[in-house]
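*Asks:* Below are the sequence and a predicted model; questions follow.
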Amino acid sequence: YPGFNLRMAKKIKEKFDIPITYYISPQLWAWKENRITIIRKYIDQMLVIFPFEEEWYREREVKAKFVGHPIFDEWTPSSKEELCKLLNLNVDNRIITLYPGSRLQEVKKHLPILIQAAAKLRNEDTSLQFILGATPQIDWTQWILPDWIQVESKYPQKALECAELALVASGTATLEAAVFGTPMIIIYKMASISWWISRVLVSVPFAGMVNIIAGREIMPELLQENATPEKVFSTASSILKNPEKMEKMMADLKNVQLKLKGDGASNKAATHILELN
């Protein structure tokens, strides 16, 4: 809640005049850059979790330090065998994970697209396994899902981690997939007016955070009118049939991981806060 946080910082600074650190920056580089004036006035240091943010803030005369992404503090890698045992999947068959989003409106837009694309992939290769990373906040019984799609609401992130390929809605899940080293196809669809407004207001060239960090489209993005079952299927099929393409995607993800990885983000953040005070 950057609006609330900045209002709070203003009140604290005006009343107590103490050093203020903002940990995990609002994404001003994507939109609402005008908030930089407030940050420059009331925030003494910005501790950022994406590597490009440090330079972005310094160019705007805000003290900033990259500390790494805290997801690496929380995640312990699991082997493919361990993941398949946990999720009751066959370790010998390829796994495709569907990740339609975490909000109800996102799921309503994306789930039909992903199911249809998955059906086409299954028709092409019946050995493929499909698992749906289902956020527990949503009632999934309102959709009739094919019985060959396994719904995983207890360990949705594990479903993403175990995949050979993920079909994922743009959002936090693209970053999680990058950390897990899971190649992905990023989709996103919204109401036409919302899409038009986002094109006007948003100043970054990509939807997926993984591509924003890489500075180029290392994972395919199928957005708005391109987010169709046919295009998702054809893109996924071409990747699955091309081992060299898959290896290149995994290598690109390793580079993103190296950019994100700090030496304990939360501990580094705490150290910088103590140094400021």
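*Replies:* It's in. Predicted model, so just to flag it, every value in this text is computed and none were measured. Numbering: from 1, shown residues only.

*Asks:* what about the helices in the stretch 151-277 of the chain?
*Replies:* Taking DSSP state H, counting those that start in this stretch as the test, the helices found in the stretch 151-277 of the chain are 156-161, 172-180, 192-201, 209-214, 229-240, 243-260, 265-276.

*Asks:* Those: which one's closest to Leu128?
*Replies:* helix 229-240 (8.2 Å; C-beta to C-beta). Glycine gets a C-beta too; all of them are placed from N, C-alpha and C.

*Asks:* Report the inter-axis angle for the closest one versus helix 243-260.
*Replies:* Counting by axes from the mean of the first three to the mean of the last three C-alpha atoms, to 10 degrees, helix 229-240 lies at 90 degrees to helix 243-260.

*Asks:* While we're on Trp31, how confident is the model there?
*Replies:* Predicted confidence (pLDDT) for Trp31: 70.

*Asks:* ugh, wrong one, I meant Ser79
*Replies:* 94.

*Asks:* count of neighbours near it?
*Replies:* The tally of other residues near Ser79 (other C-beta atoms under 10 Å) stands at 10.

*Asks:* what separates it from Ala251, distance-wise?
*Replies:* Taking C-beta to C-beta, to the nearest Å as the measure, Ser79 falls 20 Å from Ala251.

*Asks:* isn't there a strand covering Met46?
*Replies:* Yes: Met46: assigned to a strand according to DSSP: H, G, I helix; E, B strand; the rest coil.

*Asks:* so it bridges to which residues?
*Replies:* In this entry, Met46 is beta-bridged to Tyr22, Ala64, by DSSP bridges.

*Asks:* Tell me, how many residues neighbour it?
*Replies:* 25.

*Asks:* That one and Leu28 touch, don't they?
*Replies:* No: Met46 is beyond contact range of Leu28, at 9.8 Å (criterion: C-beta atoms under 8 Å).

*Asks:* Can you check which residues contact both of these two?
*Replies:* Counting by C-beta atoms under 8 Å, 6 or more residues apart in numbering, the contacts common to Met46 and Leu28 are Ile39.

*Asks:* Great, nothing more from me.
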